[in-house]
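Novice: below are the sequence and a predicted model; questions follow.
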Amino acid sequence: MMIEAQEQSSIISDLQKHEIPIHVMEHVQAILHSSVDARFFLHMEKNTPVCSMFLVEDNPKEAYSVGHLFSCDPIGDDYLYQYLSVEQLRVFGRFLSCLPIH
């Protein structure tokens, strides 16, 4: 499966369509504007009422790739955020694939 990088305006539009709370959208916008050379990839899953977002930031010019993981709901201002390198995410994925869980 090939996934194309998204333009910043496309990502913001996707967030608006999914009615992401404004404080979460502002956090994502700050990430998008923090690196002019980066490419971004967004995946969202909305399991009412929780929305999970996985934003990958890839910057070949500065030689880094990181994952920004968000989880939020429309109730209150709280949301979960985690920042991990792509390598950490790969290790975590390998770990999960070895577990006897569903």
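Specialist: Good, I have the coordinates. Numbers count the residues shown, from 1 in each chain.
Novice: rest of the way, CA atoms for contacts and neighbours
Specialist: Will do.
Novice: what's across from residue 43 in the sheet?
Specialist: Going by DSSP bridges, residue 43 is paired in beta bridges with residue 54.
Novice: contacts only, for it.
Specialist: Each residue near residue 43 by Cα atoms under 8 Å, 6 or more residues apart in numbering is listed here: 53-55.
Novice: same check on residue 25?
Specialist: Counting by Cα under 8 Å, 6+ apart, residue 25 touches 12, 15.
Novice: which stretches in this protein count as strands?
Specialist: Secondary structure of the chain (DSSP state E): strands at 39-47, 50-59, 64-72, 79-85.
Novice: and the nearest residue to residue 65 once chain neighbours are set aside, what are its bridge partners?
Specialist: Leaving out its chain neighbours, the residue that sits closest to residue 65 by Cα to Cα, 6 or more residues apart in numbering is residue 58, at 4.3 Å. Following DSSP bridges, residue 58 is listed with bridge partners residue 39, residue 65.
Novice: from here on, call the first residue 439.
Specialist: That works, and once the first residue is 439, the last one we named lands at residue 496.
Novice: before we move on, the earlier item: dump the strands of the chain to JSON lines, plus distance to residue 446.
Specialist: Formatted as JSON lines, those follow (distance: least, Cα to Cα, whole Å):
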{"stretch": "strand 477-485", "distance to residue 446": "8"}
{"stretch": "strand 488-497", "distance to residue 446": "11"}
{"stretch": "strand 502-510", "distance to residue 446": "15"}
{"stretch": "strand 517-523", "distance to residue 446": "19"}
